[in-house]
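Colleague: when you get a sec, could you give me coordinates for this:
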Amino acid sequence: MLAVPAQARVVHPSRRRELGTLPYELMAGTTAAVDFIAAIGGPEGTRRERLVRAIEAIDEHETDLREVIETGFAAFDDLTVHSRAARRSPTLFVSVACGRDQERARFLASRYINAPASHFYAIEASRRLGLGDGGALRVGLAPYNTRDDADRLLNATADFLASRRP
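Modeller: Residues are numbered from 1 along each chain as shown. This is a model prediction of the structure:
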């Protein structure tokens, strides 16, 4: 409904009606999520300032963990890390020389490590990398990951590779 009936001539017909009740639960959840992230930025300053500090802290944390994992993966001759852009998300795309990425994903899952294997909707990139339609393992980091998580991944990877050697 329009508050000013005279505007009926200028308002597009699709905007003359309400579309239903607002999703209050989603609005509350979004606010809570933003506040959670802002809290990472510390108690001082405006919400925006805290969010900026939080995003910078999260980026630094995830980058540090990614570098730990990349350094660890570099020690394995059987692995290739395909994601090496200077600026990127904290995600690694890694393949095993023997082409057993699905098997490795299941092995890691048995250790409660979520690192699935696929082409992740980038099948052409996967093919160009020589990985075929199966893709590789994707290791994604988040703000809640710790150095212990990175070490668990590296240790589980070492165990997997050792168990597959003749």
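
Colleague: from here on, just use CA atoms for contacts and neighbour counts.
Modeller: Fine.

Colleague: for the residue nearest the centre of the chain, give me its contacts.
Modeller: In the chain, the C-alpha nearest the mean C-alpha coordinate belongs to Gly140, at 4.7 Å (CA atoms, centre = their mean). Residues near Gly140 by CA atoms under 8 Å, 6 or more residues apart in numbering: 90-92, 115.

Colleague: hmm, 6 Å instead?
Modeller: When contacts are counted by CA atoms under 6 Å, 6 or more residues apart in numbering, Gly140 touches Thr91.

Colleague: what's the distance between it and Asp149?
Modeller: Gly140 is 11 Å from Asp149, where distance means CA to CA, to the nearest Å.

Colleague: wait, isn't Val139 in contact with Pro90?
Modeller: No. The criterion here is CA atoms under 6 Å, and Val139 misses it with Pro90 at 8.4 Å.

Colleague: quick one: distance of the top helix by length along the chain to the chain centre.
Modeller: Secondary structure assigned by DSSP state H gives helix 47-74 as the longest helix of the chain. Averaging C-alpha positions (CA atoms, centre = their mean, to the nearest Å) puts helix 47-74 12 Å from its chain's average.

Colleague: what is that helix packed up against?
Modeller: helix 24-40 (3 or more CA pairs under 6 Å, 6 or more residues apart in numbering; DSSP states H and E).

Colleague: any regions of the protein where pLDDT drops low?
Modeller: Applying pLDDT under 70 to the chain picks out residues 1-19, 99, 166.

Colleague: do a quick rundown of the helices in it.
Modeller: In the chain, the helices defined using DSSP H lie at 24-40, 47-74, 101-110, 123-128, 147-163.

Colleague: let's have those helices in TSV, adding mean neighbour count and distance to His82.
Modeller: Formatted as TSV, these follow (neighbours: other CA atoms under 10 Å; distance: least, CA to CA, whole Å):
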stretch	mean neighbour count	distance to His82
helix 24-40	13	30
helix 47-74	17	11
helix 101-110	18	14
helix 123-128	15	10
helix 147-163	16	16
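
Colleague: so which of those is nearest Ala85?
Modeller: helix 47-74 (12.4 Å; CA to CA).

Colleague: no more questions from me, cheers.
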